[in-house]
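Participant: Here you go, sequence then predicted model.
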There are 2 protein chains.
Amino acid sequence: MKILPDSLDRITQQFSKFPGIGRKTAQRMAFQLIEWDRDAVKQLGDVIIQSTEKLSQCSVCNLITEADPCPVCRDTRRDDALLCIVEDSKDVVALEETSRFNGKYHILGGVLSPLEGVGPDQLNIKNLMERLNDTEEVIIAMNPSVEGETTSLYLARLLQDRNIRITRLARGIPSGGDLEYIDGVTLGRALDERHEMK
Amino acid sequence: MKILPDSLDRITQQFSKFPGIGRKTAQRMAFQLIEWDRDAVKQLGDVIIQSTEKLSQCSVCNLITEADPCPVCRDTRRDDALLCIVEDSKDVVALEETSRFNGKYHILGGVLSPLEGVGPDQLNIKNLMERLNDTEEVIIAMNPSVEGETTSLYLARLLQDRNIRITRLARGIPSGGDLEYIDGVTLGRALDERHEMK
């Protein structure tokens, strides 16, 4: 016997469309909605539709933005000669939080992944190549994954003939934590790249 | 510097309102929305608003439903003399999936929890007491938590003067799994309630 009403299933189905939200979580969210007051539910639906409509990608760096070009690209106090290449907009947030970078960004929109059919044409590489005229240094800041590594090497090779300094984020042991719990690859890398204490 | 646009924050904020959805997950969901096509986003928003509007609680058993009374209460093939009391609608789904129960349900809408200000008046106890005329057996099927236990005892005491058989779900070791991984309380209870093999 079917116990739960179709409307609930429809809501569950919608929430299940988000990767990372499983059926159980989606159903729990649907159940919670019923307990919200009607205005809050309407607000949720409206914000989803209206706010998403306002969002697009910066035509220069592909950062998610309401205005084009985005605030970072418009900011004249930032150093145009320094360009940091990242996978997605969330990486920009993480890097900005360090307060150590004052250049511009370029969002690739993913990493090379032949298995998932992502080649160079699926990434924002074409408009990267078109904006390098004033660039003196490119920092390749991919995530430390196999695909990130492949993409870093691909980009480094692609840029090698230009008169640009190509750098990447340092690898080593993270701050905090305990040597005994750090994985072997990270620790091995930290050993290989050890340097003199000054 | 504020990197992400306000529209994205607004969506994130809305998703964060669901208990169990943290800020990071909410933001990931907001980012995913941008990649959906506009029609899919509109559908999500519309389903949330319209489907939630259709849902209410059964006036008899408090099950979440589109029609009142709910399909379970309307079903004449079900045994009116047998009533199973549960915390919420999801528990009804779980019990129905066993195909072992053919009575009616009553959804309490929670458990007694003095710390969270939930007393008998906040639960659907009044309309429970009003529907017991034909009832011969009440199965108390609270979750096996401290609050569930308290609520079970409260209900059992409340019903004791009526000429009704009061039962509860059996406690013991769950099917599958391994004795060595079962918690001590469960195992202790299974020992206490051991019975003859026939």
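Facilitator: It's in.

Participant: which residues in chain A form helices?
Facilitator: A:6-16, A:23-35, A:38-54, A:71-74, A:89-97, A:126-129, A:146-159, A:184-192 (DSSP state H).

Participant: Residue nearest the middle of chain A, spatially speaking?
Facilitator: A:Asp88 (2.3 Å; CA atoms, centre = their mean).

Participant: Nearest residue to that residue in space, please, no chain neighbours.
Facilitator: A:Ile107 (6.0 Å; CB to CB, 6 or more residues apart in numbering or on different chains). Bear in mind the C-beta positions are built from the backbone N, C-alpha and C, glycine included.

Participant: residue contacts, the closest residue to A:Gly172 other than its chain neighbours?
Facilitator: Among residues not flanking A:Gly172 along the chain, A:Ala190 sits closest, at 4.2 Å (CB to CB, 6+ apart). By CB atoms under 8 Å, 6 or more residues apart in numbering or on different chains, the contact set of A:Ala190 is A:171-173, A:182.

Participant: related to what we said a few turns ago, can you give me the pLDDT of the residue nearest to A:Asp88?
Facilitator: Predicted confidence (pLDDT) for A:Ile107: 96.

Participant: List the contacts of A:Leu128.
Facilitator: For A:Leu128, the contacting residues are A:85, A:106, A:108, by CB under 8 Å, 6+ apart.

Participant: Can you give me the separation between it and A:Leu83?
Facilitator: 8 Å (CB to CB, to the nearest Å).

Participant: Now do the shared contacts for the two.
Facilitator: Residues touching both A:Leu128 and A:Leu83 (CB under 8 Å, 6+ apart) are A:His106.

Participant: Of the contacts of A:Ala190, which is the nearest to chain B?
Facilitator: A:Ile182 (23.0 Å; CB to the nearest CB).

Participant: what's the neighbour count on the closest one?
Facilitator: 15 (other CB atoms under 10 Å in any protein chain shown).

Participant: repeat for A:Arg28
Facilitator: 19.

Participant: Tell me the pLDDT of it.
Facilitator: 92.

Participant: A:Met1 now?
Facilitator: pLDDT, read off for A:Met1, is 69.

Participant: what's the answer for the one 4 residues further on, then?
Facilitator: Looking at A:Pro5, its pLDDT reads 92.

Participant: ok, back up a step: residues near the residue nearest to A:Asp88, how many?
Facilitator: Counted with other CB under 10 Å, A:Ile107 comes out at 24.

Participant: contacting residues around it?
Facilitator: A:Ile107 neighbours (CB under 8 Å, 6+ apart): A:57, A:61-63, A:86-89, A:91-92, A:124.

Participant: measure A:Leu108 to A:Ile125 for me?
Facilitator: 7 Å.

Participant: cool, and A:Trp36?
Facilitator: 44 Å.

Participant: between the two, which one's more packed in?
Facilitator: Using other CB under 10 Å, the more surrounded residue of A:Trp36 and A:Ile125 is A:Ile125, with 20 against 15.

Participant: Contact partners for that one?
Facilitator: A:108, A:155, A:158.

Participant: Out of the contacts of A:Ile107, the closest to chain B would be?
Facilitator: Among the contacts of A:Ile107, and counting by CB to the nearest CB, the member closest to chain B is A:Val92, at 5.5 Å.

Participant: A:Val72 is in contact with that closest one, correct?
Facilitator: Yes - assessed by CB atoms under 8 Å, A:Val92 is found in contact with A:Val72 at 7.4 Å.

Participant: Now do the shared contacts for those two.
Facilitator: Residues touching both A:Val92 and A:Val72 (CB under 8 Å, 6+ apart) are A:63, A:105, B:3.

Participant: Need these in CSV (columns: distance to B:Gly148 and neighbour count).
Facilitator: As requested, the shared contacts of A:Val92 and A:Val72 are exported to CSV (distance: CB to CB, whole Å; neighbours: other CB atoms under 10 Å in any protein chain shown):
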residue, distance to B:Gly148, neighbour count
A:Leu63, 49, 25
A:Tyr105, 52, 27
B:Ile3, 46, 20
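
Participant: how about the contacts of A:Ala190 in CSV, adding pLDDT and distance to B:Lys24?
Facilitator: Output for these, formatted as CSV (pLDDT from 0 to 100; distance: CB to CB, whole Å):
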residue, pLDDT, distance to B:Lys24
A:Arg171, 86, 24
A:Gly172, 88, 25
A:Ile173, 87, 24
A:Ile182, 85, 23
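
Participant: lowest-pLDDT helix or strand in chain A?
Facilitator: When each helix and strand of chain A is scored by mean pLDDT, DSSP states H and E, helix A:184-192 comes last, with a mean of 86.

Participant: ok, back up a step: let me know which of the helices of chain A is the nearest to B:Ile49.
Facilitator: The minimum distance between B:Ile49 and the helices of chain A falls on helix A:38-54, with 3.9 Å, by CB to CB.

Participant: which stretches of chain A have low pLDDT?
Facilitator: A:1 (pLDDT under 70).

Participant: Also compute the angle for the longest strand seen in it relative to helix A:89-97, please.
Facilitator: Once chain A is assigned using DSSP state E, the strand that runs over the most residues is strand A:79-86. If you take axes from the mean of the first three to the mean of the last three CA atoms, to 10 degrees, strand A:79-86 sits at 130 degrees to helix A:89-97.

Participant: what bridges to the nearest residue to A:Cys84 once chain neighbours are set aside?
Facilitator: Spatial nearest neighbour of A:Cys84, excluding adjacent residues (CB to CB, 6+ apart): A:Ile139 at 4.4 Å. Using DSSP bridges, the beta-bridge partners of A:Ile139 come out as A:Cys84, A:Thr167.

Participant: correct me, but A:Ile139 touches A:Val86?
Facilitator: No - here A:Ile139 does not reach A:Val86: they are 9.1 Å apart, not a contact under CB under 8 Å.

Participant: who has more neighbours, those two?
Facilitator: Higher neighbour count among A:Ile139 and A:Val86: A:Val86, with 24 against 18, using other CB under 10 Å.

Participant: Report the contact partners of the residue lying closest to that one once chain neighbours are set aside.
Facilitator: Excluding its sequence neighbours, the residue lying closest to A:Val86 (CB to CB, 6+ apart) is A:Ala141, at 5.0 Å. Contact partners of A:Ala141, counting by CB under 8 Å, 6+ apart, are A:84-86, A:91, A:95, A:168-169.

Participant: Many thanks, I have nothing further to ask.
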